[in-house]
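# Got a sequence here, can you model it:
(3 chains)
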Amino acid sequence: MTRVSFDVNGETHQLELDTRTTLLDALREHLHLTGTKKGCDHGQCGACTVIVDGRRINSCLTLAVMHQGDEITTIEGLGTPDGLHPLQAAFVEHDGYQCGYCTPGQICSAVAMLAEVKAGIPSHVTDDLNAPVRLTNAELRERMSGNICRCGAYSNIAEAISEVAGRSA
Amino acid sequence: MRFEHPATFNPIDQLKVIGHPTSRIEGPLKTTGTAPYAYERHDVVADQAYGYVVGAAIGKGRIAAIDLDAAKAAPGVLAIVTAENAGKLGKGARNAAPLLGGPEIAHYHQAVAVVVAGTFEQARAAAQLVRIDYVKGDGKFDLAAERDHVSVPDPKIGGPADTAIGDFATAFAAAPVQLDASYTTPDQGHAMMEPHASIAAWDGDRLTVWTSNQMIAWGAEDMAKTLGIPKENVRLVSPYIGGGFGGKLFLRADVLLAALGARAAGRPVKVALQRPLMFNNTTHRPATIQRIRIGAERDGRITAIGHESWSGNVSEGEPDMAVSQTRLLYAGANRMTATRLAALDLPEGNAMRAPGEASGMMALEIAIDELADKLDIDPVALRIANDTQVDPEHPQRRFSQRQLVRCLNEGAARFGWNKRNAKPGQVRDGRWLVGMGVAAAFRNNLVTKSAARVRLDQQGRVTVETDMTDIGTGSYTIIAQTAAEMMGLPLDKVVVRLGDSDFPVSCGSGGQWGGNNSTAGVYAACTKLREAITQKLGFNSEEAVFADGAVRSGNRSVPLAQAAGAGDLVAEDAIEYGDLAKTYQQSTFGAHFVEVGVDADTAEIRVRRMLAVCAAGRILNPKTARSQVIGAMTMGVGAALMEDLAVDKRHGLFVNHDLAGYEVPVHADIPHQDMIFLDETDPISSPMKAKGVAELGICGVAAAVANAVHNATAVRVRDYPITLDKLLAGMPV
Amino acid sequence: MRSFSYERATSPGDAAAAAAATAHAKFVAGGTNLLDLMKLEIETPAHLIDVNDLALDRIEETPDGGLRIGALVRNTDLAADRRVRRDYGVLARALLAGASGQLRNKATTAGNLLQRTRCPYFYDTNLPCNKRKPGSGCAAIGGFSRQHAVVGASDACIATHPSDMAVAMRALDAVVETVRPDGTTRNIPIAELHRLPGDSPEIETVLQPGELITAVMLPKPVGGTQLYRKVRDRASYAFALVSVAAIVQPDGSGRVALGGVAHKPWRVETAEAELPNGAKAVSARLFADAKPTRDNAYKLPLAERTLAAVLREARV
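Residues are numbered from 1 along each chain as shown, chains lettered A, B, ... in the order given. Next up is the predicted model:
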């Protein structure tokens, strides 16, 4: 057992955990923040995406004890059913989901992805590595490819994100 | 309510709520992570322990010995259940292979133990300490090798193993233009995002499970049968399901082992199948080998059409009915189909989205494209030339609705099909060879009994309860729309509660029957509630109008909140069907158009444009229905280009058994998708005049992709998935 | 996952010493590969040394005009670095072709180099694998081997190295800087870091027990047109079937390294002499000793065609 404390959605949590506990399981099983989903537990689906210190990561592939002092944002920290984050509202409006299981990961990923674009981080499909980054359709789809949606809502997800990003898909 | 005659005008036809592109009513829960899925129910029962499943390490054989000592001694371990100590288990009517194996092992990763411990980490670690000695048996894992050692099955669904009309052999031999080609489709996995997961809790001899299951009543029944307890003692709750696609139609190992683990540990137990176990432990869409022969006149009219299919399964497993659509899709006087089943020891094959038609259309719709090439006729025109408005096997049976021709024509116009170069390998856009492909979409509409209970309360709210499930299909929303339309209420005055075996038994989610039948069941219940209300108010039920939150008759109007009176008004009913499905053929139709680019150097295939035009009865909610179709199109792209459970024929398993190895499409694989519904109502189908739509979307897509790849490259690939290695030899130098 | 003890290292030397002093110790940084394997008990460390607090997360210019990339620099940051984008385009491209945005945010430079194969038989503990369990055999040989090595493999192992980044670094002649448990440091040319499987595929690098990668040094920029082409079935979030890292100079000379074909980034310097003669000639040298399986024989024409496409693009 190891002690760790970190902030989740602005609230500090002190936990005493089996060192083997992933950040994902700490959130879901210990803090009962079950919005973050376990789809594969091996970094192969993106359902567990959370934002740690401003960056999106797969919470299944990191140990909770490695996050001492970190600031973690989960889907619960973005909005509530009565106060949706603009991306959450856009997902509802564009039907950017079906079963809903990959959805929190998609939305957390999209929030951080838009920040990455703003920060000028290039992607695999960026034509000119030395020019400013623009969020084209191809850029959006490449950058979101770490979030699998087996229901196949991709086309709608792209439209939801595009709307929030201020452009058309 | 019996539905025996075609529907006439009814309250649904008002279309005040039905038919509108309403956003999902549960959307705010799903997008905020507050919709509770099975494994997350910390709220329902205290003191939950964790179960971790051990899967068989061999493809076929038996367990010689199990040593649990080390595992039992591991920290936190509460119980270990194996076939040795589980007590006598039955088998659910819908399971072929036993869910808990041992001593006989039916397939790789068949569950052989569940280790229950205080924490997930403890259970996982202890599971690795379970020592099992196996004796390997001789398994059969190679469908192609077994092709000549097959049986004639007696399929439970999808028709007889052999069908014949006219004289296929003679007509085919005499046909001036003949196509005789073989195709293969691989084993495919559902790969839904939420693993099979359950929490089980016993209260005396009563069991409650919070699980992820598409068919609540089947699950409860098969659980009771497997455990040998009365059905009334099993409650199954499944309000949110993270994808199913047929993979969660049945009782599976997670829920059985949670129940057994909870009994053994004396505590509630939760179990989720670990992802690397899922592909071999659960069911999959079986691989097929298909041979299609078509004889045609030079003008394109089909005179003979034959479709044979071979698939394999475990003992008691069913064949894949890949020939189904060929009996109905195109005209032709002489016809035959044959379905054969090989005994294989791979994991159990079973339903996956549009079982039968999905794999069958993958082959048939390439065959039609190949025939069009031989005839030098446009493939859209060829399909239109062979349209039939009657069941070709029983010409007195008409299709209730069949707008295939319109789907094809409208799709061709919207897609710019006239810009397609019929000669393959001609169009280039930079490094890309570009091609267009088309395929028909076809899937039958199935009608089945479905019940619901509706309750009007003093706040004027109507609560609908049915064991129907929402697996991403939009059930919550269309059921709410149905009740709102029937009762003259705004949507926010309707509460929908689903997925609980305490509720009336619905059709459940499968076979694209859920939308039409479950709402028809709600229609029936609401009809009864309307009668109860009018009766209570002394209104003439014929004249009563339910609108704007009130019921009106003549110049009397009473708010529904008042109508309930002192207590709730409850009505329960089911839709039950007469012979209309026999007298008419009920099917759904569509046309898929796809444009692909194939990299001229590497032969990488990327989809550039997709369009589907569908005719599937009344579309209850164009927003959620469209999502069903585009989702199915996406899965069809996966089937066309990447999905393949690779069989190791020596060890007897699907090797690529995780989401890195079994590739499904990602964002970058899917372009913007266009999807159009033709205006259609089908009064033969149900009072809703709706039909299924969720599986239509996958039928034919893969072939449209395949045909587009051929149009782009002039290389014809008949073995799915179409990957670059199969194209390279034919690519331009 | 077996139980392990956990510590956070405070200096590279201490980390290396601790690793050597503790039985079955492993360093953890990004964790994206190690934890994946620990969950399956393919990796079973008894002690984890978290190196994330070490000040190894900077990219510095070296006196000879190159770059020194700290071992903990995340893949995202390395690809986004303005100097890397400008002067080492092949490296930025390779990094961005790998994994997903989420994984690149965690994965580190050193961890990427040391990631283990994605061979499905390596990942299934029920099946033989000499890399996972020396002497147990290789199930990939004679099994499903569509993604496996076509060159440099052995009768013991036909796994590939999955990294994209390492392929680009191989083309750039990067040098790996390490610290050993005794506190001494050494520089290992990347060509020598990874081993071919031979009869001991479980030994993947020349690193000694406890040896910690502290940085990767890139020589001063070599200019030229720098390209990285990754070929895969799925458009993204997939390992390479074949990849080509190329640096082509205006005179037609250059360097090429390939991924997805061998147990290590595959570069054959003598093949580069053939660059002016085209992809076929280069490919003939690169794959002179190729021994593909039936499943992966396509990689030979695919590699040649991909190389041809890259060379064509470089010369446009």
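# Next SSE downstream of the longest helix belonging to chain B?
Identified as the longest helix of chain B according to DSSP state H is helix B:514-537. For helix B:514-537, the succeeding helix or strand toward the C-terminus, using DSSP states H and E, is strand B:545-547.
# coming back round to it: which helices and strands sit right next to the longest helix of chain B?
Where contact means 3 or more C-beta pairs under 8 Å, 6 or more residues apart in numbering or on different chains; DSSP states H and E, helix B:514-537 is packed against strand B:450-456, strand B:462-465, helix B:475-487, strand B:550-553, helix B:560-563, strand B:569-577. C-beta: built from backbone N, CA, C; applies to glycine.
# Give me the local confidence score for the closest residue to chain A within chain B.
Here chain B gets closest to chain A at one residue, B:G33, 1.9 Å apart by C-beta to the nearest C-beta. For B:G33, the pLDDT comes out at 98.
# before we move on, what about the one 10 residues further on?
As summarised for this prediction, B:D43 has a pLDDT of 98.
# Wait, it touches B:P36, no?
Yes. Counting by C-beta atoms under 8 Å, B:P36 is a contact partner of B:D43 at 7.2 Å.
# More neighbours: which of the two?
Per other C-beta atoms under 10 Å in any protein chain shown, whichever of B:D43 and B:P36 has more neighbours is B:P36, with 17 against 10.
# since we're on the residue in the stretch 251-400 of chain B positioned nearest to chain C, how many residues are nearby?
At 7.1 Å from chain C, B:P276 is the closest residue in the stretch 251-400 of chain B, using C-beta to the nearest C-beta. When counting by other C-beta under 10 Å, one arrives at 25 neighbours for B:P276.
# surely it meets B:D658?
Yes. Using C-beta under 8 Å, B:P276 is in contact with B:D658, at 4.7 Å.
# Least confident secondary structure element in chain B?
helix B:560-563 (a mean of 93; mean pLDDT, DSSP states H and E).
# shared neighbours of B:P276 and B:D658, which are they?
A:42, C:123 (C-beta atoms under 8 Å, 6 or more residues apart in numbering or on different chains).
# Got the domain ranges for chain A?
In terms of domains, chain A is parsed into A:2-77, A:86-165 (source: automatic domain parsing).
# Put together TSV for those domains, with mean neighbour count, distance to B:A145 and mean pLDDT on each row.
Shown next, in TSV, are the domains of chain A (neighbours: other C-beta atoms under 10 Å in any protein chain shown; distance: least, C-beta to C-beta, whole Å; pLDDT from 0 to 100):
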stretch	mean neighbour count	distance to B:A145	mean pLDDT
domain A:2-77	22	32	98
domain A:86-165	23	32	97
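# Specify the stretch among those domains that is closest to C:I158.
domain A:2-77 (22.7 Å; C-beta to C-beta).
# Off-centre distance for the closest one?
11 Å (C-alpha atoms, centre = their mean, to the nearest Å).
# Pull the number of nearby residues for the closest residue to B:D154 other than its chain neighbours.
Among residues not flanking B:D154 along the chain, B:A161 sits closest, at 6.8 Å (C-beta to C-beta, 6 or more residues apart in numbering or on different chains). Residues lying near B:A161 (other C-beta under 10 Å) number 19.
# shouldn't B:A161 be in contact with B:E308?
No. Counting by C-beta under 8 Å, B:A161 sits too far from B:E308 to count as a contact (10.4 Å).
# shared neighbours of the two, anything?
B:338-340.
# for the spatially most distant residue from the centre of chain A, what are its contacts?
Distance from the C-alpha centroid of chain A, by C-alpha atoms, centre = their mean, peaks at A:M1 (27.9 Å). With contact taken as C-beta under 8 Å, 6+ apart, A:M1 is in contact with A:16-19.
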